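1. What shape does this take:
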Amino acid sequence: MLHDVAMSNVSNLSDVNDMSDLSAQLAGVARALLAEDDVQQTLDKAVAMATDVVRGCDHAGVSLVRRSQGIDTRAATHSIVRRGDELQYEFDEGPCLDAIWKDGTVLSRDLTTDPRWPSWGSRTVEELGVRSMLCFQLFTHENTLGALNLYSEHVDAFDADDCTAGLALAAHVAVALAAAEEIGHLGSAITNRTTIGQAEGILMERFDVNAQQAFAVLRRISQQRNVKLHEVARELVETRRTPGAQ
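-> Residues are numbered from 1 along each chain as shown. Predicted coordinates for the structure are as follows:
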C-alpha cells in the first residue's frame, strides 16, 4: 500500500511539473507573440512555436478568413501544411474548415478511417502522409475568423495534454493577432494622416490658401473621383500634380 501511495505521489508530482512546464512555455509564447508588432511576423512566430508547445505536432499553420478576400493560409512551417490546407479549400471540407465554421476545436485521430471528410482525408493521407490533425478556431474581431491547424504524420498523435496546450496556444495567438492588427491599423492611420498633411502643405503654398481650405480641396476631389482621401493626397505628394488637373 505504501508503494501505491508513493507511486501516486510521484504521478501527481509529474502532473504538477508538466503543468508548470506548460505554464512557463505559454508565458514565453505570450511574451514572444506580443513582442511582434507586424501581423505576418506574429503568425510566423506562432506556427513555429506550435511545434514546440504541442508535442504531437509535426507541422503547423494558420488560416485566416476575411470577408473581402476569402480564406487562405497566412503562415505555415512546411509545404505539407500549405498543400493540406489548399486541398481543404479545393474540396470544401476538412478539419480546418469545420473548426472555423462549426465546432471550434476539431480532432481527427486517424484520417484513414475518419468518415467526416471522405474526399479530403483520403487524398491528404495518400499525397502528404498526414495521419492525424488538431485544429482550433481563432477569433479576433467580427471581420476575421481563422484556425490554428496542427498536422501530424502519426496516427493518434494528439493526447489530452496536446488539446489543452493547443487550446491555450490558440487563445494567445488570437490575442496577439488582434494586437498586431490594431497596431497595423494605427500605423496606417498615422501614415495616411501624415500624407494628407503633406498634401495640404503643397496646396497651401501653391494656391495661397489656409489648411482648412486645402483640406476642403482634397475632400472635394476625393468625392468627385470616388477615391479615398489619403489616396488623393498620396498622388499629389508623389506627382506634385493636383489630382484631376489638366
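2. Tell me which residues touch Val81, please.
-> Counting by Cβ atoms under 8 Å, 6 or more residues apart in numbering, Val81 makes contact with 47, 59-61, 73, 149, 151. To be clear about C-beta, it is placed using only N, CA and C from the backbone, and glycine gets the same treatment.
3. hmm, try it at 6 Å
-> Contact analysis of Val81 by Cβ atoms under 6 Å, 6 or more residues apart in numbering lists 59, 61, 151.
4. The second one: neighbouring residues, count only.
-> Residue crowding around Gly61 was assessed by other Cβ atoms under 10 Å; the count is 26.
5. do the first one as well
-> Summarising burial for His59: neighbours were counted as other Cβ under 10 Å, giving 22.
6. Do I have it right that it meets Ala76?
-> No - His59 is beyond contact range of Ala76, at 7.3 Å (criterion: Cβ atoms under 6 Å).
7. residue boundaries of the helices in this protein?
-> Using DSSP state H, the helices of the chain run over 2-34, 39-53, 79-91, 95-98, 118-128, 160-207, 211-225, 229-239.
8. among the ones you listed, which gets the worst mean confidence?
-> Lowest mean pLDDT of the helices of the chain: helix 2-34, a mean of 48.
9. Okay, domains of the protein per the record?
-> Domain ranges of the chain: 2-181, 186-239, per automatic domain parsing.
10. Now do the last one: distance to the chain's middle.
-> With Cα atoms, centre = their mean, to the nearest Å as the basis, the distance from the averaged C-alpha position of domain 186-239 to the chain average is 33 Å.
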